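Colleague: Quick one, structure for this:
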Amino acid sequence: MNDDGRPLFQQIAELVENSIIDGSLPEDGQVPSTNELATFHRINPATAAKGLGQLVAEGILYKKRGIGMFVTVGARDALRFRRREQFARQYIEPLIAEADKLGMSIAELKSMLDNREANR
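Modeller: Numbering: from 1, shown residues only. This next block holds a predicted model:
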């Protein structure tokens, strides 16, 4: 696990979310069990269960009693929407605020982005 200061259960939830977003965990697909996650990441099964439980509470995963947890239909779109909103708050809003301080227009920002993309 990544030692970024966040609780391990949140990191587990994010790893599962990333797998849903990138398509490696398809909608209606079964998610690794808490024991599988715990063994793979060398963490307590209760920690893995808490991460999966968070995703159940958010409606990203659902439980089939006695079988396991599965990805909810529509979860990928919901996660992408949420992540885009977070992206805007975390990166775009501060970018625009800094551009305003520098007297830059949105058109100038777009031009900078276009130039960066062209040079990738």
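
Colleague: Would you list the phi and psi of the residue sitting furthest away from the middle of the chain?
Modeller: Relative to the centre of the chain, the most outlying C-alpha is that of Gly103, 33.5 Å out, by CA atoms, centre = their mean. Note on Gly103: backbone dihedrals following degrees, to the nearest 10 are phi 70, psi 20.

Colleague: the strands in this protein, which residues?
Modeller: 61-64, 68-71 (DSSP state E).

Colleague: For this structure, just list every one of the helices.
Modeller: For the chain, the helices defined by DSSP state H cover 8-21, 34-41, 45-57, 75-87, 93-101, 106-118.

Colleague: Mind listing residues that contact the fifth one?
Modeller: If I follow you right, that is helix 93-101. Ser105, Ile106, Glu108, Leu109 (CB atoms under 8 Å, 6 or more residues apart in numbering). To be clear about C-beta, it is placed using only N, CA and C from the backbone, and glycine gets the same treatment.

Colleague: Next one: the nearest residue to the first one once chain neighbours are set aside from Ile106, what distance?
Modeller: Put plainly, it is Ser105. Nearest non-adjacent residue to Ser105, counting by CB to CB, 6 or more residues apart in numbering: Ala99, 7.7 Å away. Distance from Ala99 to Ile106, counting by CB to CB, to the nearest Å: 8 Å.
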